[in-house]
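Visitor: Structure of the sequence below:
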Amino acid sequence: MTAGAPAAIPDGPYRPCVGVALFNDRGQVFIGRRKGLVADEAWQMPQGGIDPGETPLEAALRELREETGVSSVRLLGESEGWLAYDLPPAMLRPSWKGRYRGQTQKWFAFRLTGPESEIDVLEPAGGHAPEFDAWRWEALERTPELIISFKREVYREVAKTFAGFTNST
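Guide: Residues are numbered from 1 along each chain as shown. This next block holds a predicted model:
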């Protein structure tokens with residue numbers, strides 16, 4: 001894991017991205033199951049790339065809306081630095097046409113302020129293709145064991161960083 005701004009590395013740059021921890025009023029976090037995967041490691045929190053001219057916060061709000069349909073949120077906090085992970089070698093070429101070694105992410109924590117019915121992973125906002133085929137609320141500290149192995153260290157850091165938001169309201 002790497003802290004600091006996105007930087008190029010000898011084997012290629014990291015793709016700048018955001019991650020979102022969406023909390024309910026019971027202090028649980030949203031996780032979605034990646035579409036078409038049923039393995040225990042298929043779950044993750046919303047995340048995605050930062051578009052040109054977009055701030056990380058703007059990207060986080062957009063990604064949350066595109067992946068979950070949620071727009072009724074209150075910002076709780078953000079990671080101090082950037083967290084990075086490397087893709088396994090077998091995924092380097094298929095992912096992003098081999099341009100990136102992995103991703104570096106700025107993480108944001110939000111509280112859902114609207115009704116839970118706002119969440120729609122099957123037909124998310126703006127006509128975007130669904131990335132998840134199921135979702136649930138989960139204890140933040142359990143998320144590292146539910147994520148694909150190469151992202152676990154980032155999720156451990158996110159769980160530590162946002163642990164204070166697991167209390168209700």
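Visitor: For residue 163, the count of nearby residues, please.
Guide: Residues lying near residue 163 (other CB atoms under 10 Å) number 12. Just so you know, the C-beta spots here come from the backbone N, C-alpha and C atoms, and that holds for glycine as well.
Visitor: With residue 30 as the reference, measure out to it.
Guide: To residue 30, residue 163 is 16 Å away according to CB to CB, to the nearest Å.
Visitor: Residue 79 now?
Guide: Going from residue 79 to residue 30 by CB to CB gives 17 Å.
Visitor: Output the below-cut-off pLDDT ranges for this structure.
Guide: Where the chain drops to pLDDT under 70, the residues are 1-12, 38, 90-98, 168-169.
Visitor: which secondary structure elements does the biggest helix by length in it contact?
Guide: Among the segments of the chain that qualify as a helix by DSSP state H, the longest is helix 56-68. Packed against helix 56-68 by the contact rule (3 or more CB pairs under 8 Å, 6 or more residues apart in numbering; DSSP states H and E) you find strand 14-23, strand 29-34, strand 47-49, strand 73-78, strand 102-112, strand 132-138.
Visitor: CA atoms only for it - export them in CSV, please.
Guide: Only the C-alpha atoms of helix 56-68 are listed here, as CSV (Å, rounded to 0.1, in the frame of the first residue of the first chain):
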residue,chain,number,x,y,z
PRO,A,56,-12.0,13.3,-5.9
LEU,A,57,-15.1,14.3,-3.9
GLU,A,58,-17.1,14.9,-7.1
ALA,A,59,-15.9,11.5,-8.4
ALA,A,60,-17.0,9.8,-5.2
LEU,A,61,-20.5,11.3,-5.4
ARG,A,62,-20.8,10.4,-9.0
GLU,A,63,-19.5,6.8,-8.6
LEU,A,64,-21.9,6.3,-5.6
ARG,A,65,-24.8,7.5,-7.7
GLU,A,66,-23.8,5.4,-10.8
GLU,A,67,-23.3,2.2,-8.8
THR,A,68,-26.0,2.4,-6.2
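Visitor: Can you point out the buried residues in it?
Guide: Of all the residues in helix 56-68, those buried under the rule 16 or more other CB atoms under 10 Å are 56, 59, 60, 61, 62, 63, 64, 65, 66, 67, 68.
Visitor: do you know how far the nearest residue to residue 82 once chain neighbours are set aside is from residue 83?
Guide: Leaving aside its chain neighbours, residue 82 sits nearest to residue 104 (4.6 Å; criterion: CB to CB, 6 or more residues apart in numbering). Going from residue 104 to residue 83 by CB to CB gives 7 Å.
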